[in-house]
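In: Fold the following, please.
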Amino acid sequence: MKSSNAVGPQGPGAQMLRGSVWMVAMRWAIRLTGVVSTVILARLLNPKDFGVVAIAMIVVGMFEMLSLTGQGQAIIRHRNPTRAHYDTAWTISVLIGLGIAVAIVVAAPLTRVYFHDDRSVLVMQCLSLRALLAGFENIGTLDFRRDLRFDRVFGYNYYAKLISFTLTISLALLLRSYWALVAGILVGQLARTVLSYVMHPYRPRFSFAAMSEIWSFSIWTFARAIGGYFMAQVEVIAIGGVAGAPSMGRYTVAKDVASSPTDELNDPVVTVLFPVMARHQDDPQQLRQLYLRTLGWSALIGVSTGTGVMMVAPDMVSVILGPKWIDITPLMGWLALTAGVATLTNSGFTLLDIIGLPHLGARMQWLRLGWLALAVFPAAYLTGDLVVVAAARFAMTVLFIPSLLFTVGRRTNVSLLDHGSVLWRPFVAGAILAGAIWCLNTALPFGGILRLAIDVSAGIGVFVGSLLGLWVISGRPPTAERDLVGLVQHGRLKLSAIRDRVLNTAR
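Out: Sure thing, here's the model as predicted:
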């Protein structure tokens, strides 16, 4: 199916940066809305309420992994997809959504045996509707990504989030119950499904015409997605079996707050990378350059945000969540560092998909999951200490990264020296950032929101200044730092133009 809104020709780097700006804006708009929601809800509800929904979402999310069969990626990667490809992909989504909804309803009563919480059973059964609604989303919206129309992706996702936010907060004020969270989740998905048909004219039909072609690629992305889900949830599952809903609620909130700055900056870059790489899949040199450029951006984002959150965690928890959450402060550092280091894996998995090796990415993901499970479950069951569990996750994440980088490098002619050339500057700048904030906090005689604001402002200046200084010393190579300088210069030109227009209007 051909969209009429394709963008004009651009260089792949420009395409990636332009799309990344839109996706970062979308994710931060959604995340900002989510953070405001979390802050308000944390004061209206208690950890047990979050824990009940967290338990339900573990099981619901586990079943919903079955919907990540990769048919969307198969179409984006396809050079010339036809209506048969789109309709087949939509048909698969609908049938899987229906199957997941039924499976959740049937399996929900069994979960009380492990989690020891009867309230979560009805919550799971209600949330089964989310899978059914998701299955009916309009497959035509994939054209927004294929054509690099990320402005349309922004609207499609953010409008749904606003609707969900409004209802959730309203119900929380009225009910003071976890049912407000449940209603918000369901309404958010309903809004996405409706908007998908409002914003794109394509009308899918049931078809199985391209089943074998789509499935040959998507089965491996499906396998990796399942591994990725358990990667995100394995320590929560372990904690739930040992400590129950209150501890799960604390760990879930700590993980969300600690990882959000990293995820909401890095994930959009990786999301844009796939369709941009798909356009250049026949050019190995261009793919190699895009991979290294994205790896540099991931390191820049992950190191700065992970280190920054670790250093400001005490003030961040007290200011954002309030005194009843103060006991999660020790968790924040480990979870923030884990999120920061994990960014180095995303572009590697994407590149393996693009070059036709999704099976290798799936195997690496499951190897990673096995290492993590071997560390986290003993830590949870032997100590019952949430901090020990978080530290174990960090250690396993660090140990996995060299194996993935080596595997990707062998298939794409990217040497260890190439990897090191884009990674060393962000890590050195991160160490300088940590030292600067530590010295600043030692000197300041106060804490709270004022110290947090000072730390964030100073931290940004120290990290960016250190990073660019190291880049200049290195001879200004064509890496993520050059993109950063270009974005800063572009922003200054835009602000200057706005200022000139305002002054001309005033005259």
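In: Scan the protein for its longest helix.
Out: helix 284-320 (DSSP state H).
In: Could you give me the buried positions within it?
Out: Neighbour-count burial for helix 284-320 flags 286-288, 290-319 (criterion: 16 or more other Cβ atoms under 10 Å). In short, each C-beta sits where N, CA and C put it, glycine included.
In: what do you get for stretch 217-229?
Out: F217, S218, W220, T221, F222, A223, R224, A225, I226, G227, G228, Y229.
In: Secondary structure, distance to A258 and pLDDT added to the residues you listed, as JSON lines?
Out: Below are the buried residues of stretch 217-229 laid out as JSON lines (DSSP: H, G, I helix; E, B strand; the rest coil; distance: Cβ to Cβ, whole Å; pLDDT from 0 to 100):
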{"residue": "F217", "secondary structure": "helix", "distance to A258": "34", "pLDDT": "75"}
{"residue": "S218", "secondary structure": "helix", "distance to A258": "32", "pLDDT": "76"}
{"residue": "W220", "secondary structure": "helix", "distance to A258": "31", "pLDDT": "82"}
{"residue": "T221", "secondary structure": "helix", "distance to A258": "28", "pLDDT": "80"}
{"residue": "F222", "secondary structure": "helix", "distance to A258": "29", "pLDDT": "80"}
{"residue": "A223", "secondary structure": "helix", "distance to A258": "28", "pLDDT": "83"}
{"residue": "R224", "secondary structure": "helix", "distance to A258": "24", "pLDDT": "83"}
{"residue": "A225", "secondary structure": "helix", "distance to A258": "23", "pLDDT": "80"}
{"residue": "I226", "secondary structure": "helix", "distance to A258": "24", "pLDDT": "80"}
{"residue": "G227", "secondary structure": "helix", "distance to A258": "22", "pLDDT": "85"}
{"residue": "G228", "secondary structure": "helix", "distance to A258": "19", "pLDDT": "82"}
{"residue": "Y229", "secondary structure": "helix", "distance to A258": "19", "pLDDT": "77"}
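In: Just the pLDDT at R83, thanks.
Out: With respect to pLDDT, R83 has a value of 90.
In: What's the local residue count around it?
Out: 14 (other Cβ atoms under 10 Å).
In: Could you measure from it over to D282?
Out: 24 Å (Cβ to Cβ, to the nearest Å).
In: repeat for F274
Out: Counting by Cβ to Cβ - F274 and D282 are separated by 16 Å.
In: now do I139
Out: Distance from I139 to D282, by Cβ to Cβ: 25 Å.
In: between the two, which one's more packed in?
Out: I139 (26 against 8).
In: For the more buried one, give me its contacts.
Out: G72, I75, Y86, D87, A89, W90, S93, Y202, P204 (Cβ atoms under 8 Å, 6 or more residues apart in numbering).
In: quick one: which of the residues you listed sit in strands?
Out: Judged by DSSP state E, the contacts of I139 include no members of strands.
In: Can you give me the neighbour number for W215?
Out: For W215, using other Cβ under 10 Å, the count is 16.
In: brain fart, A238
Out: Neighbour tally, A238, other Cβ under 10 Å: 20.
In: excluding its backbone neighbours, what's nearest it?
Out: Nearest non-adjacent residue to A238, counting by Cβ to Cβ, 6 or more residues apart in numbering: A380, 3.8 Å away.
In: gap between the one you found and D117?
Out: Taken as Cβ to Cβ, the span from A380 to D117 is 17 Å.
In: quick one, which of the two is more surrounded?
Out: Higher neighbour count among A380 and D117: A380, with 25 against 19, using other Cβ under 10 Å.
In: residues in contact with that one?
Out: E235, A238, I239, G241, V242, A243, V389 are the contacts of A380 under Cβ under 8 Å, 6+ apart.
In: distance of it from V121?
Out: A380 is 23 Å from V121, by Cβ to Cβ.
In: what do you get for M199?
Out: Applying Cβ to Cβ to M199 and V121 gives a distance of 36 Å.
In: Counting neighbours, go ahead and name the busier of the two.
Out: Using other Cβ under 10 Å, the more surrounded residue of M199 and V121 is V121, with 19 against 16.
In: shouldn't that one be in contact with A108?
Out: Yes. Checked against Cβ atoms under 8 Å, the pair V121 and A108 is within contact range at 4.8 Å.
In: Next one, pLDDT for the closest residue in space to S259 that isn't next to it in sequence please.
Out: Take S259 and drop its neighbours on the chain: the residue closest to it by Cβ to Cβ, 6+ apart is A339, 3.6 Å away. Looking at A339, its pLDDT stands at 92.
In: So A339 is in contact with D263, correct?
Out: Yes. The pair A339 / D263 is scored as a contact, 6.3 Å apart, by Cβ under 8 Å.
In: Neighbour count for these two, which is higher?
Out: A339 (23 against 20).
In: what sits against that one?
Out: A258, S259, T262, D263, G302, T305, G306.
In: which two from the residues you listed end up farthest apart in space?
Out: Using Cβ to Cβ, the two most remote members of the contacts of A339 are A258 and G302, lying 12.6 Å apart.
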